[in-house]
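S.K.: Coordinates for the following, if possible.
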Amino acid sequence: MAARHPERDQIRLEEVLSALGNPIRLNIARILGTQGERACGAVGTQLDTEMSKSTLTHHWRVLRDAGVIWQRPEGRENLLSLRWEDLNALYPGLLDSILGSAARQAAS
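M.R.: As a prediction, the model looks like this:
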């Protein structure tokens, strides 16, 4: 079954901020921002905490439904990537600012 992604004009700032307001989802976005497209399983292993596949699936869905990530099937995996182009077109510099702040916090 194909995942539903909002069209660019359906992405709302409040949903993006709400999705990224969760520390786990913010960390997922930070990983994708620095490493590019990654398999769901690879991102899950890089998180600071261990969680079930169903919990990870919930986080992917929230990010996808908010318009923060693309999720596409590739063989037996799903690949995740940030929607840089769409988010920068709608909210210039927002994602760079949020991910830059998250990276600085993670480093301290």
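
S.K.: which residues of the protein fall in helices?
M.R.: 13-20, 23-35, 40-46, 53-66, 84-90, 94-107 (DSSP state H).

S.K.: quick one: the spatially most central residue of the chain from residue 76, how far?
M.R.: The residue lying closest to the centre of the chain (C-alpha atoms, centre = their mean) is residue 29, at 4.0 Å. Separation of residue 29 from residue 76 (C-beta to C-beta, to the nearest Å): 24 Å. (Glycine included, C-beta is placed from N, CA and C.)

S.K.: ok, now residue 89?
M.R.: 32 Å.

S.K.: Equivalent analysis for residue 49, please.
M.R.: Counting by C-beta to C-beta, the gap from residue 49 to residue 76 is 25 Å.

S.K.: what about the protein, any weak spots by pLDDT?
M.R.: 1-3 (pLDDT under 70).

S.K.: which residues touch the nearest residue to residue 78 once chain neighbours are set aside?
M.R.: The shortest distance from residue 78 to any non-neighbouring residue, by C-beta to C-beta, 6 or more residues apart in numbering, is to residue 40 (4.8 Å). By C-beta atoms under 8 Å, 6 or more residues apart in numbering, the contact list for residue 40 reads 56, 60, 71, 77, 78, 79, 80.

S.K.: which two in these are spaced the farthest apart?
M.R.: 56 and 79 (14.1 Å; C-beta to C-beta).
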